[in-house]
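**Q** okay, structure incoming, though there's no sequence with it:
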């Protein structure tokens, strides 16, 4: 039985490395489908909000791509792991509360436990999407390897998952990305 929130027609769980373009892809999809049809959900949202409250930090600044967020990233990862160990579905349940759109794009799926939770809660309407980008492309977007971040479960937890329903290649070739997005949009529309 689906917990809190409506019954979605399709749940797409997006994963990928930092600066692979997960947010870019999910926002592009939402802009084409419309916010009334498609909700972008971020597991990191409730994590950052709760972390900010407990640590007296600026929640809005933790949401952007600033150095402010980067200064707290390692501790936020540690704190989030503790929360997940106590309750693997904690952040998943938070993001679906009150969502009424039929299409859900979870932009930052990072662990097998996230995928398991959505599959158990929503079954066959759940699909996985891996966004991949060459290291060079990620570096051009500002990525720099950070020990304790880029080698942590939050970045590597799905590296060997290997059973993604969709793989979006986002290496910086606009036409190729566009073709892949069109295929995914066609599939999404078939579920409406």
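**A** Now that the structure is in, tell me what you want to look at. Note that the coordinates shown come from a computational prediction; the quantities given were computed from them, not determined experimentally.
**Q** C-alpha only now, for contacts and for neighbours.
**A** Noted.
**Q** checking the spatially most central residue of the chain next. Helix, strand or coil?
**A** By C-alpha atoms, centre = their mean, the mean C-alpha position of the chain lies nearest to residue 108, the distance being 1.4 Å. For residue 108, the assignment made with DSSP: H, G, I helix; E, B strand; the rest coil gives coil.
**Q** go ahead and confirm it touches residue 15.
**A** Yes. Applying C-alpha atoms under 8 Å as the test, residue 108 and residue 15 come out as touching, 5.6 Å apart.
**Q** now do the shared contacts for the two.
**A** Residues touching both residue 108 and residue 15 by C-alpha atoms under 8 Å, 6 or more residues apart in numbering: residue 22.
**Q** in the longest helix along the chain, what's buried?
**A** Ranked by residue count, the top helix of the chain under DSSP state H comes out as helix 67-86. Across helix 67-86, burial judged by 16 or more other C-alpha atoms under 10 Å covers 69, 73-74, 76-77, 80, 84.
**Q** cool, and stretch 106-126?
**A** The neighbour-count check on stretch 106-126 (16+ other C-alpha under 10 Å) flags 106-111, 113-115, 117-119, 121-122, 125-126 as buried.
**Q** distance check, the residue nearest to the centre of the chain against residue 94.
**A** To residue 94, residue 108 is 14 Å away according to C-alpha to C-alpha, to the nearest Å.
**Q** check residue 31 too.
**A** Taking C-alpha to C-alpha, one finds residue 31 at 24 Å from residue 94.
**Q** cool, residue 189 as well?
**A** With the distance defined as C-alpha to C-alpha, residue 189 ends up 26 Å from residue 94.
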